[in-house]
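Student: below are the sequence and a predicted model for it; my questions follow.
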Amino acid sequence: LGTFAITDHRETNAFVDYKRYFQKKDYHIIAGLEAEVFDDTKEDFNYEKDIDTCNRYHLVLINNAKDTEIPYKGKMIKVNEGIRAFNTLITNANIKYYSTPSKETKLQQEADGEFKTSRKAIMSLKEILEYKEKGILKLGSACIMGTVRQYWFKNNIEKFEKYIKLLDWVEIHPIHNEDFLIKNEFYKDINSKEDIAKKNRALYEYCKANNIDVIFADDAHVINKEDRILRYLFKKGEIAKFSSLVKKDVLEKMSEKDREKAIKDFNDDLAIERQPFLHSHGEMKKELTEQGFTEEQIKDMLETEKRI
């Protein structure tokens, strides 16, 4: 691999560190962001009222702007409109769009199978699309927490088609990233790993028929496969106090069966083999082959990824 896109959640600090480290090692580092987005594209969206009750979705943003030089205090300095866009989006998310949903909102969204909400800074889809229209940013589908993969796997074609039109590419993920969908009550067609692979193959065919780029993305949270234990230990510490995160009042309202399932789901999420890692070229091909993609389709995805 000679090119890396750094797409941390809601911030770009890691990009600066990676840029400094790799700039002397002949690697190309691309600035990116995994944004948590709310859809404010409807004319009747009320920012004061709706910001605390709206659903939010993941969206991958990649810098598409080139460095330019501008005069500053008698010198020419490099600036990048993509980096400026990221900083503006992050600032606005924290100052203008910080969401504080109520307990009732959280419970209702979980009951509806929508995206779980929490207190955090979220980004305006309307603002992001303005940068995309200017050619400053490119947009990708992200993981199952993104609109496109989420609605595709839920068979909500109307919403799927609405959001896929906004993207520059769609991602196919490893099975282990999404096997938690198996027998999930909101994903009625997903009962096995093969069902996930079948959905991925059908998504690829839909995108190719509609001239939409498809890439393989591992959604890596660690670089080396053997380092998955580090994320396991981090997450184990992060959610050690289960009752403080899932909230006692939520657990108490669950039936005994649902409560046991919630605890099992948390424990399953901790499994070392479930932690996403950076795939090598060979591991990418092996994963996609096991999902039933042809050699030609695999080549297409990998070449598209390089081009993007």
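Tutor: Ah, there it is.
Student: okay, CA-based contacts and neighbour counts for the rest of this
Tutor: OK.
Student: C-terminal to the lengthiest helix in the chain, what's the next element?
Tutor: In the chain, ranked by residue count with DSSP state H as the criterion, the top helix is helix 193-209. For helix 193-209, the following helix or strand on the C-terminal side (DSSP states H and E) is strand 213-216.
Student: and the contacts of that next one?
Tutor: Outside strand 213-216, the residues that touch it by CA atoms under 8 Å, 6 or more residues apart in numbering are 168-173, 204, 207-208, 284, 301-302, 304-305.
Student: that strand pairs with which strands?
Tutor: Strand 213-216 pairs in its sheet with strand 169-172 (parallel), by DSSP bridges.
Student: so which residue is dead centre in this structure?
Tutor: Centroid-nearest residue in the chain, with CA atoms, centre = their mean: Ala142, separated by 3.4 Å.
Student: secondary structure element holding it?
Tutor: Assigned by DSSP H and E, Ala142 falls within no helix or strand.
Student: make sure it is actually in contact with Glu171.
Tutor: Yes. Contact between Ala142 and Glu171 holds when scored by CA atoms under 8 Å: they sit 6.5 Å apart.
Student: so where do the strands sit in this protein?
Tutor: 3-6, 28-38, 56-63, 68-72, 75-79, 98-99, 120-121, 123-124, 137-140, 169-172, 213-216 (DSSP state E).
Student: nearest to Asn87, out of those strands?
Tutor: strand 28-38 (10.3 Å; CA to CA).
Student: just to revisit the earlier point, any chance of a markdown table for the strands of the chain, columns mean neighbour count and distance to Arg20?
Tutor: Listed next are these as a markdown table, based on neighbours: other CA atoms under 10 Å; distance: least, CA to CA, whole Å:
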| stretch | mean neighbour count | distance to Arg20 |
| --- | --- | --- |
| strand 3-6 | 16 | 13 |
| strand 28-38 | 22 | 10 |
| strand 56-63 | 24 | 17 |
| strand 68-72 | 10 | 19 |
| strand 75-79 | 11 | 15 |
| strand 98-99 | 19 | 31 |
| strand 120-121 | 18 | 27 |
| strand 123-124 | 25 | 27 |
| strand 137-140 | 23 | 22 |
| strand 169-172 | 23 | 28 |
| strand 213-216 | 22 | 27 |
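Student: what would those look like in a markdown table with distance to Lys253 and mean pLDDT?
Tutor: Below are the strands of the chain laid out as a markdown table (distance: least, CA to CA, whole Å; pLDDT from 0 to 100):
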| stretch | distance to Lys253 | mean pLDDT |
| --- | --- | --- |
| strand 3-6 | 40 | 76 |
| strand 28-38 | 28 | 87 |
| strand 56-63 | 25 | 91 |
| strand 68-72 | 57 | 90 |
| strand 75-79 | 53 | 91 |
| strand 98-99 | 25 | 84 |
| strand 120-121 | 25 | 83 |
| strand 123-124 | 32 | 94 |
| strand 137-140 | 37 | 95 |
| strand 169-172 | 37 | 94 |
| strand 213-216 | 40 | 93 |
